[in-house]
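K.L.:
Following is a predicted model, sequence given first.
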Amino acid sequence: MLTIHTADALAPGGESPSLPGGAVLVEGREIAAVGSHEELTAAHPTARVRRWPGVITPGLLNPDGPELLEHSYHPDPREDLGSEPLTGEALTALGMTDARWGASARRGVQRLLAQGTVAVAGPLRRPAVIDAVHRSGLRIEQGVTPMPLRPGADATFAIFDAAECVATVIRGRLLHRRR
């Protein structure tokens, strides 16, 4: 299925200039085209169109990903532990198992996606955390910035309105949206 993601502007990254009213045409897991909204909708009139406020960007690389996912516990909303990640003595008292680390990492990944993160800076060591990251679609990078948005690249990007992430798309899948 073809989907056109369009916003007030497109900042594709790399050497490409920003494009007011820019859009990204997604086919499956890849970017099929990048251009103006008018140009892409004229060329692909049957494509689904998702309109977003703000700017489409390649997304964020979170250098603190390993720390956030492997050294802090993201409580389940059903637990009476609050909503902020636990560290230090509070974490030690929980008696962490692989299953608990995996569930915590999945909740932590959701927080990262809600911030526009598309990759974390490795390395990750805990197998349960690595599995959670891979299943989410987040990449594990070694200090590399996310790929520019261009035809043939993975359809991985984020949309920001002011300082807030509106949506995060990884390999063509809409994994976070604010509304």
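P.N.:
Yep, it's here.
K.L.:
and the residue most central in space within the chain, what helix or strand is that in?
P.N.:
Centroid-nearest residue in the chain, with C-alpha atoms, centre = their mean: Val118, separated by 3.6 Å. For Val118, the element it lies in under DSSP states H and E is strand 117-121.
K.L.:
now the angle from the helix ranked longest in the chain to strand 117-121?
P.N.:
Scanning the chain for the helix with the most residues, using DSSP state H, yields helix 98-113. Angle of helix 98-113 versus strand 117-121, following axes from the mean of the first three to the mean of the last three C-alpha atoms, to 10 degrees, is 130 degrees.
K.L.:
Show me what helix 98-113 is packed up against.
P.N.:
Judged by 3 or more C-beta pairs under 8 Å, 6 or more residues apart in numbering; DSSP states H and E, helix 98-113 is in contact with helix 65-70, helix 127-136, strand 173-177. Just so you know, the C-beta spots here come from the backbone N, C-alpha and C atoms, and that holds for glycine as well.
K.L.:
Now tell me what touches the longest one from outside.
P.N.:
Here helix 127-136 makes contact (C-beta atoms under 8 Å, 6 or more residues apart in numbering) with 65, 69-70, 98-99, 101-102, 105-106, 108-109, 113, 120, 124, 140, 170, 175.
K.L.:
right, and the secondary structure at Ile56 would be what?
P.N.:
Using DSSP: H, G, I helix; E, B strand; the rest coil, the structure places Ile56 in strand.
K.L.:
And Thr46, what's its pLDDT?
P.N.:
At Thr46, the pLDDT value in this model is 96.
K.L.:
Now do the contacts for it.
P.N.:
Leu2.
K.L.:
May I ask you to confirm that it belongs to a helix?
P.N.:
No: read with three-state DSSP, Thr46 is coil and lies in no helix.
K.L.:
Could you report the neighbour count for the nearest residue to the residue nearest to the centre of the chain once chain neighbours are set aside?
P.N.:
Among residues not flanking Val118 along the chain, Gly59 sits closest, at 3.3 Å (C-beta to C-beta, 6 or more residues apart in numbering). Neighbours of Gly59 under the rule other C-beta atoms under 10 Å: 28.
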